[in-house]
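Participant: This is the structure alone, sequence omitted:
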């Protein structure tokens, strides 16, 4: 199958590209490199043994998208492209609505013009908001607590309306929990621009000496050790979830949402200890005030994905930390 990945050089997109290529799919990538690196393409080609067509461009560029869809006879799009910092989304909401919502509308317009009506959308557990019960299942009320989450929910709602207006569309919205880890080769992983917003790359930069210590935002939550608990999922499990969704949507029109999570919750200190074991380094940290809007705990109920997609997370927290450390060691040998 010919598949276009928007944002395909990013963390999740690049790992999904390896899984798709291994299954014999033809992968085409568009990425504007705002939070990714061109050298990831070289790493992908090393892993896959294939030359992957790449376009440096913005998902809001409808003429470019139309050209790519037509030239490569694209049959399905996996839409990763989007901004993802919760903090930045609150400081610059228009930027996030323009990129995440406007970019999705532009992509849909291009797809309609090219008669490509199979789409997998990267959504997020942030669409749920404050938990009314745990674990979150797909029937949980949707009430995001931040601008980033609202952009994801707005796109989901647009896709729902689109599928109702045109029954030829087959759409899957994948609600990610907390992806970490790296490809087993150590050649690709999470490498954000600037100071990381996410916990794992921040820990990696502390261990590598680029940052002095980790800030833990609150140790007085009602959790087992007082720090926030999250549902961490190995990025390769997440990538395999996209492959499972791709298979499923071939026979299932409409718009469908699935949680992709492990179903377990681990604290910040749990993650820290596992990473110390992986790296052999003690990680300095400071406890600081809670961040506004942070939840004590959340985790997924992923039974729907297990039952319908025949998918479930397989890799444990230690393997997530081991693979992240392997990637960090590879990075230390390179000049980024």
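Facilitator: Perfect, I can see it now. Everything numeric in this text was worked out from a predicted model, so none of it was measured.
Participant: okay, CA-based contacts and neighbour counts for the rest of this
Facilitator: Fine.
Participant: which stretches of the chain form helices?
Facilitator: Taking DSSP state H to define them, one finds helices in the chain at 11-22, 39-48, 62-71, 86-91, 93-96, 103-114, 147-165, 199-207, 235-249, 268-279, 303-304, 317-332.
Participant: what's the first one packed up against?
Facilitator: Okay, so that is helix 11-22. strand 2-6, strand 26-31, helix 39-48, helix 235-249 (3 or more C-alpha pairs under 8 Å, 6 or more residues apart in numbering; DSSP states H and E).
Participant: For that helix, give me every contacting residue.
Facilitator: 5-8, 26-27, 36, 40, 44, 47-48, 80, 182-183, 188-191, 235-236, 238-240, 242-243 (C-alpha atoms under 8 Å, 6 or more residues apart in numbering).
Participant: What of the fifth one?
Facilitator: If you take C-alpha under 8 Å, 6+ apart as the criterion, helix 93-96 is touched by 83, 89, 147-148, 151.
Participant: Repeat that for the third one.
Facilitator: Contact with helix 62-71 is made by 4, 57, 59, 74, 106-107, 109-111, 113-114, 116, as judged by C-alpha under 8 Å, 6+ apart.
Participant: Buried subset of those, written for ChimeraX?
Facilitator: Here is the ChimeraX command that selects the buried residues among the contacts of helix 62-71 (16 or more other C-alpha atoms under 10 Å):
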select :4,57,59,74,106,107,109,110,111,114,116
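Participant: nearest spatial neighbour of residue 222, skipping sequence neighbours?
Facilitator: Nearest residue to residue 222, sequence neighbours excluded (C-alpha to C-alpha, 6 or more residues apart in numbering): residue 296, at 6.8 Å.
Participant: burial count for that neighbour?
Facilitator: Neighbourhood size, residue 296 [other C-alpha atoms under 10 Å]: 19.
Participant: try the one 3 residues further on
Facilitator: For residue 299, the number of neighbouring residues by other C-alpha under 10 Å comes to 24.
Participant: Most widely separated two among the contacts of helix 93-96?
Facilitator: Distance extremes for the contacts of helix 93-96: the farthest pair is 83 and 147 at 10.9 Å, using C-alpha to C-alpha.
Participant: Counting neighbours, which of the contacts of helix 93-96 comes out on top?
Facilitator: residue 151 (28 neighbours).
Participant: which stretches of this protein aren't confidently modelled?
Facilitator: 334-336 (pLDDT under 70).
Participant: if you set the cut-off to 80 instead, what comes out?
Facilitator: 192-193, 332-336 (pLDDT under 80).
Participant: If you drop the residues flanking it in sequence, what lies closest to residue 27?
Facilitator: Residue 27 sits nearest to residue 3 (C-alpha to C-alpha, 6+ apart), 5.2 Å away.
Participant: residues contacting that neighbour?
Facilitator: 25-28, 74-78.
Participant: run the last query once more with 7 Å
Facilitator: 26-28, 74-77 (C-alpha atoms under 7 Å, 6 or more residues apart in numbering).
Participant: As JSON lines, these with distance to residue 99 would be great.
Facilitator: JSON lines is the format used below for the contacts of residue 3 (distance: C-alpha to C-alpha, whole Å):
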{"residue": "26", "distance to residue 99": "26"}
{"residue": "27", "distance to residue 99": "23"}
{"residue": "28", "distance to residue 99": "21"}
{"residue": "74", "distance to residue 99": "22"}
{"residue": "75", "distance to residue 99": "24"}
{"residue": "76", "distance to residue 99": "21"}
{"residue": "77", "distance to residue 99": "17"}
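Participant: Just name the closest of those to residue 268, please.
Facilitator: Nearest to residue 268 among those, with distances taken as C-alpha to C-alpha, is residue 77, at 34.4 Å.
Participant: okay, now that closest one: neighbour count?
Facilitator: 26.
Participant: Which residues are in contact with it?
Facilitator: 3-5, 118-120.
Participant: could I get those as TSV with distance to residue 199?
Facilitator: TSV is the format used below for those (distance: C-alpha to C-alpha, whole Å):
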residue	distance to residue 199
3	31
4	29
5	25
118	33
119	29
120	26
